[in-house]
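Asker: got a predicted structure here, sequence first:
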Amino acid sequence: MAFRVERRWFAVACVVVAASCTRAQPAGQPITPLASMQPGWNRIPGGPRTTCALGTPYSFFVEVGDPRKVMVYFQGGGACWDATTCNVRGAHPYFKPTVGEREQPYNGGVLDRANPENPLRGYTKVYVPYCTGDVHLGARTVAFDVPATTRDSARQFVVRHNGAANAAAALDWIYSHVPSPQTIFVTGESAGSVPTPVYAAAVSKHYPRARVVQLGDASGAYVNASGVTTSWLGLPALRALNLLPRIDSATLTYPGLYRLAAQSSSRIAFAEINSADDTTQAFFLHATDPSSPAVSVLLARNYAELKGAVPAFRSYTMPGPLHTIIERREFYTTTVDGVRLRDWVDALLNGAPARDVGLSLLPTK
């Protein structure tokens, strides 16, 4: 089975959401109380409808803290869109295909439990690993054909773009275990940054009294999402979630996800962190469109569109090529325009005034 993906669509790495919602603990099973869970990270099996790209088991991780404060963190790890990029036996794998048996969440940045300056210290944390090549939003199993070469015979392999069901299992665990959170922080880095507006809208809908803060890290230069129907056929599923009103696959853009999520819930505080010369975003942009403008140019355009549609949107732009920062030690040391990144995120979390930082690093035209 051959599979064709629109080139520009990958500029936002295939933004789709599945309509199904999977219970991490099937109905009828007792729910493990938070108080009885182990200190540190607890590995939670995803359940029967979850899977990684190659059919291996899926799990997510939970660290118990204050049930009034919850962080949902979406891991990054590339993406794939055709027989070459989805082929994990290729010379240069494009995505992370498994959740390893010994895998643990990062231990830096906002996930550093020992740092007293961590603004997320003490939160109940749900870490959503990534292993499906679809920015946590896929809902399709695809068989790819690989032609014969001088070294190998022709073959076919299957990739399960099951990110939406995997994410739903983690969210459903939260819904079952945390009845009344006051603050929910939805964040992610790289590929895990792309779906954060959508999942912020999902948790905001489920918890109508909670304050929801969304923060994307290192995906702000992506643009066109109009290939959603031809690549992942996710439009019916996205509409079925009833989260993003008036979605139109023909005109959907990455900034449009924020606009639609904001229309879904006015209580969400939206924000992004990006590097002006992010080399990884530049790689994927040019891999799908060699004529793509520079990252800094696209950031300036997207920020302007976002501010027009979502006036409360805030951005923190750093100089240089660094890709992702919220999971790094640099989260605590980076300062731009006299504003420390750690303090900027703390202000977002607490509803304090936070301004746009680093806009002078971007072109004005």
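Answerer: Thanks, I have it.

Asker: in the stretch 251-365 of the chain, which spans are helices?
Answerer: Under the criterion DSSP state H, counting those that start in this stretch, the stretch 251-365 of the chain carries helices at the ranges 254-264, 279-288, 295-309, 341-350.

Asker: quick one: neighbours of residue 323, just the number.
Answerer: Counted with other CB atoms under 10 Å, residues neighbouring residue 323 total 20. Where C-beta positions appear, they are placed from N, C-alpha and C, glycine not excepted.

Asker: before we move on, the earlier item: looking at the helices of the stretch 251-365 of the chain, which is buried most?
Answerer: helix 254-264 (a mean of 23; mean count of other CB atoms under 10 Å).

Asker: give the other helices and strands that that helix contacts.
Answerer: Under the contact criterion of 3 or more CB pairs under 8 Å, 6 or more residues apart in numbering; DSSP states H and E, the helices and strands touching helix 254-264 comprise helix 196-206, strand 268-275, helix 295-309.

Asker: report the angle between that helix and helix 295-309.
Answerer: Our comparison of helix 254-264 with helix 295-309, counting by axes from the mean of the first three to the mean of the last three CA atoms, to 10 degrees, yields an angle of 20 degrees.

Asker: hey, C-alpha coordinates of helix 254-264 in CSV?
Answerer: Extracted C-alpha coordinates of helix 254-264, given in CSV (Å, rounded to 0.1, in the frame of the first residue of the first chain):
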residue,chain,number,x,y,z
TYR,A,254,-0.5,25.9,12.9
PRO,A,255,-1.3,29.3,14.4
GLY,A,256,-4.9,28.5,13.5
LEU,A,257,-4.8,25.7,16.1
TYR,A,258,-4.3,28.4,18.8
ARG,A,259,-7.1,30.5,17.4
LEU,A,260,-9.5,27.6,17.4
ALA,A,261,-8.5,26.4,20.8
ALA,A,262,-9.0,29.9,22.2
GLN,A,263,-12.4,30.0,20.7
SER,A,264,-13.1,26.7,22.5
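
Asker: what's the average pLDDT for it?
Answerer: In this model, helix 254-264 has an average pLDDT of 85.

Asker: next: stretch 161-172.
Answerer: Model confidence over stretch 161-172 averages 91 on the pLDDT scale.

Asker: stretch 217-227 now?
Answerer: Predicted confidence along stretch 217-227 averages 79 (mean pLDDT).

Asker: what's the answer for stretch 147-154, then?
Answerer: According to the model, stretch 147-154 has a mean pLDDT of 79.

Asker: would you mind measuring the gap between the ends of it?
Answerer: Stretch 147-154 stretches 5 Å from its first residue to its last (CA to CA, to the nearest Å).

Asker: now do stretch 275-283
Answerer: Counting by CA to CA, you get 14 Å between the two ends of stretch 275-283.

Asker: could you do stretch 34-46 as well?
Answerer: End-to-end span of stretch 34-46 (CA to CA): 17 Å.

Asker: quick one: residues in contact with that stretch.
Answerer: Residues outside stretch 34-46 that contact it (CB atoms under 8 Å, 6 or more residues apart in numbering) are 22, 24, 57-64, 67, 104-105, 113, 124, 127, 166, 169-170, 173, 177-178.

Asker: could you pull out the buried residues of stretch 207-224?
Answerer: Buried residues in stretch 207-224, counting neighbours by 16 or more other CB atoms under 10 Å, are found at 207, 210-224.

Asker: right, I mislabeled it, should have said stretch 59-74
Answerer: 59-65, 67, 69-74.

Asker: got CSV for those residues, with distance to residue 294 too?
Answerer: As requested, the buried residues of stretch 59-74 are exported to CSV (distance: CB to CB, whole Å):
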residue, distance to residue 294
59, 38
60, 36
61, 36
62, 40
63, 38
64, 43
65, 40
67, 44
69, 38
70, 37
71, 32
72, 31
73, 29
74, 26
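
Asker: and of these, the nearest to residue 287?
Answerer: Taking CB to CB as the measure, residue 287 lies nearest residue 74 of the buried residues of stretch 59-74, at 21.8 Å.

Asker: which residues touch residue 347?
Answerer: Taking CB under 8 Å, 6+ apart, we find residue 347 in contact with 353, 354.
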